[in-house]
Every structure is written in structure tokens, then in C-alpha cells.
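Engineer: turn this into a structure:
(chains A and B)
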2 protein chains.
Amino acid sequence: MLELYHAGLTTCSKKVRLCLAEKGLDYRSHFLDLRKFEHHGPEYLAINPNGVVPALVHDGEPVLESMLINEYLDTVFPTPPLRPTNPLELARMRLWTKLADNYGLAAVVPNTWAFYQPVIAKLSPQEYERMIARVPTDERREQWKKASDNSFTQDDHQKAVDAAKRIVSKIEAGIGEGPWLMGAAYTLADIDLLPYVDRIATYFPDILGPGSKTPRTEAWLERMRGRPAVKSTYAPSVDAPASVVPVAATASATA
Amino acid sequence: MLELYHAGLTTCSKKVRLCLAEKGLDYRSHFLDLRKFEHHGPEYLAINPNGVVPALVHDGEPVLESMLINEYLDTVFPTPPLRPTNPLELARMRLWTKLADNYGLAAVVPNTWAFYQPVIAKLSPQEYERMIARVPTDERREQWKKASDNSFTQDDHQKAVDAAKRIVSKIEAGIGEGPWLMGAAYTLADIDLLPYVDRIATYFPDILGPGSKTPRTEAWLERMRGRPAVKSTYAPSVDAPASVVPVAATASATA
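Structural biologist: Numbers count the residues shown, from 1 in each chain, chains lettered A, B, ... in the order given. As a prediction, this is how the structure comes out:
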């Protein structure tokens, strides 16, 4: 049995849900409410000690990190295939998934994490201290602190802009005739990059949008948005408890 | 034919040379002198537009990014195998190579790049401007600027310490009975992490060294250093022109 621990809001969760959707795989959904910090609780940390979503559990065994989860899914459930079989093509496809892995989150962090500020503002000082204390890594604790008072620096914002530009310029230069990043074959390259590119188009219309001289990337994004699996992954999530849908909908409408 | 574009000094070059050595593969060596900025020249940029070493060229086709190069080598030259065949074990091995890829360079950047300061100091203003202008990415240009006046910030140094701690704590907690990171099997996990852990032991003896409560990581590092392929990879390089050996030797003696 496949179980997915995820949060509808996050880019990394969408990355894995899109892969599952493209393969038509059923799974038991465990929705974690990030605004209640459920991903820092002992139950989830037993599955993923890093305290980040998503995590896949397959027949009781955890598989971590969205990029690796998607490759695992393609290995164990090979139909339809989402990776080239030629080793050279495979290495090139992985340049794309590595690009998403290395720069995707950096591109969206300051804008996305700002949404947690009003949630954290409602905590009492004691609740805030308890929340921060449970974050399992220094790196993430730093981000939660910045989210709490929206204190992302000019440097953080510049890094986000640089990361967004890097992703879009690589796609614009590398997609060739398309229609997909690896040419005729639709692969994990497309799946892993979509959630970040989708947000970049919203956060940074000057980097990706009308007049930004990125017609190939825009056309690819439109083709992606037309896929049934993408539509279902991006629909107001049936995986999310009803209570979280309004916030998710707000976030995706404005961010 | 295999061709490797590399620089003996750098961790990422060692990562790939160690994989080649473990497999006993011959290759034509193209040594790039980073202190002459040869990796920013048009000839190399035609192979790797990112202007970083190493790059593998196999029968004329470039393969980029050390982590992906090593997986490519293991696919195309499967003897001896350096990855588990079980999909779950493979996903777990890749958590280690991803750890090396995400945090390895961050752990060593401020200390390693400081070695370029005296090289850059010898350039005329015109030569400096020309050097900086040829760096193909914003990210790397920023690092060359910081290397030029050794202006790595307290934040850069803290990030290096955090990355070094993250790597060592993951190994200490995850290696179990060993002898290798994946247990009985020696894999790309060991190969990809070695160059960073080796430097961490030199740069940060309080994180990895006697009295640092990291006995498992220290024992693993000693076992690694005992391997013939590691010894040959870390020997004063026969791949490097004689002129660069003294600096390389100085760098590895003090860093």
C-alpha cells in the first residue's frame, strides 16, 4: 500500500501528487496541516526526521525527498515510463530534476513563507516557543523565525529572484522544439519543475509572463496546465480537510 | 573514449576521479587550472555552460554534475557495482549522495575559496574585470568577488558550520554498524561524501575529530582513507601539470 504524507499547499507535495496522478496510482492520503505544525510532531518525525513534507510510505517503508520519491515511483511502477532508458538521456533529464531540487524552493521561499505570518501571529509567546523548539533542523528553524515576523532580507529576496531567473532561463534555452523538456517524451523533468515554474509565473511576472521574452517557457507552462493530471493536482484538493481549503485557495489565488 | 575535465584541487573533481579509480577506468585527463580561470574560457564553456568542474565527455557527449556523472558511470560501466539494485535501498543511497550535493560545497566554500585571494590579488584591475566578466552565472560571480577580497560574511561562515554539522551528524546517526554508509556494500554514498568529510575534518576539527564525539564518522573516514583508490585519488596528482602541484599540496596540507 502507498501512503502519502503531504500538504496541499506546498510545491514539493504537488510534485509527488502529480507523479502519482500521471501514473494513476491510488494512495492513502495523510494531510498534514502545516499551519498547525503537524509536520513537527513526534508521529511524523518518526517517518521523516527532517520534519518536511512530503513523505511516501510504501508497504510500511518510508521514502523521502520529493525528487527521489518520484524516481522511486517510476522504478517500482514503471507504467507509463517517466524517464528515458538511454543513460545519456537519463543523465540529462536529471539535470532538470536537480535544477528543480536545487533552485525551486529558493525561488519561492520568501513569498510563500510570508503566508505563515498571520498564522504565527495568533500564537501565544509560549505556543510560539514550543513551535520553534520542535523544528528539527537549524535551517528550517531559521525560516520559521523569518516567517514569524516576515523578516526575509533583501538578500533572501535577491536569491529568490536569481533562482527564478536561473530556472526560467535554463528552460527557455534548453527546451528546444519541445513539446516537453526532454523533447517528445513527457518525463519527471516536466513534473518536478512545474510546481516551481507555476509559482514563479505568479510571484515574478517580469521574469515569466507577457513581455518577459520567455515565450517557450510560457507555452510549456500552458501545455502542462492542460494535462488532466495537472488539473486534478491543482484543483482545490479533495485530499485536504475542508477547513484548510479557504486558506489554500487564497494562497494560490494571490501567490 | 572517456575524457575528464577537472581540477585536482576541487572536491567535486575528486568525487568523480574516485569513482573512476574504483572502477579502474582509464580516461584522458584535461586538467583545468582554476587559478588561470581556464574553466571560464570559451572552449570549456562549450562543454559545460555553467563553467564549473568537473565535466565528463564520453565518446564526444558531455555529462555534467559530479553526482550525476558518478551515476552515469555506474550505469554504463556496471563493474564493480556501486549502487544497490533494490529500489528502496537505492532511494536511501541517494539520500546520501543528495546530502553531499546539497551541503558539501556549502560546508567548504568560505575556507576553500580563500585560497584564491592571493591569486586574484596579482591581477591588474583590467585582468580582474575580464576574469569576473567571464564567470557565466551570477551565483559563481558572487563567489569569485568574495574570494577576491576574502569578504565571506559571518553568515557565510555560519552556513558552512551548519552544513558541516549536518553532514557529520547524519553520518554519525545513520552509518549503523558499517563498515560503509549503506552497510556491507561500498557505494556511491561513500564516494560522494568523502571529499567533503575529508575537508570538514581539516577545517572544523571541533565538528569532526578527537573529542568531538563523532567516533563512527572518524572510523569511516579512516577506512575510506585506507582504500587504494582513495590513496591514488588523493596523492599529489599525476594529472596536474607540475606547476600547480605546489599550490595544491599547500592547499591540502593546510586545508
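Engineer: so which bits of the stretch 51-200 of chain A are right by chain B?
Structural biologist: Proximity of the stretch 51-200 of chain A to chain B, by C-beta under 8 Å from any C-beta of the partner chain, involves residues A:58, A:61, A:63-65, A:67-69, A:71-72, A:75-76, A:87-88, A:90-91, A:94-95, A:98, A:101-102, A:137-139, A:162, A:165-166. (Glycine included, C-beta is placed from N, CA and C.)
Engineer: out of the residues you listed, which sit inside helices?
Structural biologist: Within these, residues falling in helices by DSSP state H are A:67-69, A:71-72, A:75-76, A:87-88, A:90-91, A:94-95, A:98, A:101-102, A:138-139, A:162, A:165-166.
Engineer: ok, now how distant is A:Pro87 from A:Met93?
Structural biologist: 11 Å (C-beta to C-beta, to the nearest Å).
Engineer: and those two? Which one has more around it.
Structural biologist: Neighbour tally, A:Pro87 and A:Met93, criterion other C-beta atoms under 10 Å in any protein chain shown: the higher count belongs to A:Met93, 23 against 16.
Engineer: packing partners of the host helix or strand of A:Pro110?
Structural biologist: Element membership for A:Pro110 (DSSP states H and E) is helix A:87-113. Applying 3 or more C-beta pairs under 8 Å, 6 or more residues apart in numbering or on different chains; DSSP states H and E, one finds that helix A:87-113 contacts helix A:11-22, helix A:66-76, helix A:138-149, helix A:154-174, helix A:188-203, strand B:61-64, helix B:66-76, helix B:87-113.
Engineer: return the set of buried residues in the next helix or strand after it.
Structural biologist: Next in sequence after helix A:87-113, counting helices and strands by DSSP H and E, comes helix A:117-121. Neighbour-count burial for helix A:117-121, counted by 16 or more other C-beta atoms under 10 Å in any protein chain shown, picks out A:Val119, A:Ile120.
Engineer: could I have the CA atoms of helix A:117-121 written out in CSV?
Structural biologist: Coordinates of each C-alpha in helix A:117-121 appear next as CSV, following Å, rounded to 0.1, in the frame of the first residue of the first chain:
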residue,chain,number,x,y,z
GLN,A,117,3.0,35.2,9.3
PRO,A,118,-0.7,35.7,10.2
VAL,A,119,-0.9,32.1,11.5
ILE,A,120,2.1,32.5,13.7
ALA,A,121,0.9,35.9,14.9
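Engineer: that older thread, least confident of the helices and strands packed on helix A:87-113, on average?
Structural biologist: Comparing mean pLDDT across the helices and strands packed on helix A:87-113, the lowest value falls on helix A:138-149: a mean of 86.
Engineer: how much space between A:Thr187 and A:Glu71?
Structural biologist: 11 Å.
Engineer: what do those two both touch?
Structural biologist: Overlap of the contact sets of A:Thr187 and A:Glu71 (by C-beta atoms under 8 Å, 6 or more residues apart in numbering or on different chains) consists of A:Arg83.
Engineer: list the contacts of A:Asp192.
Structural biologist: Contacts of A:Asp192 were listed using C-beta under 8 Å, 6+ apart, and they are A:Lys15, A:Ser66, A:Met67, A:Asn70, A:Trp96, A:Thr97, A:Ala100, A:Asp101, A:Gly104.
Engineer: just A:Ala201 next, same as before
Structural biologist: Under the criterion of C-beta under 8 Å, 6+ apart, the contact list for A:Ala201 reads A:Leu208, A:Gly209, A:Glu218, A:Leu221.
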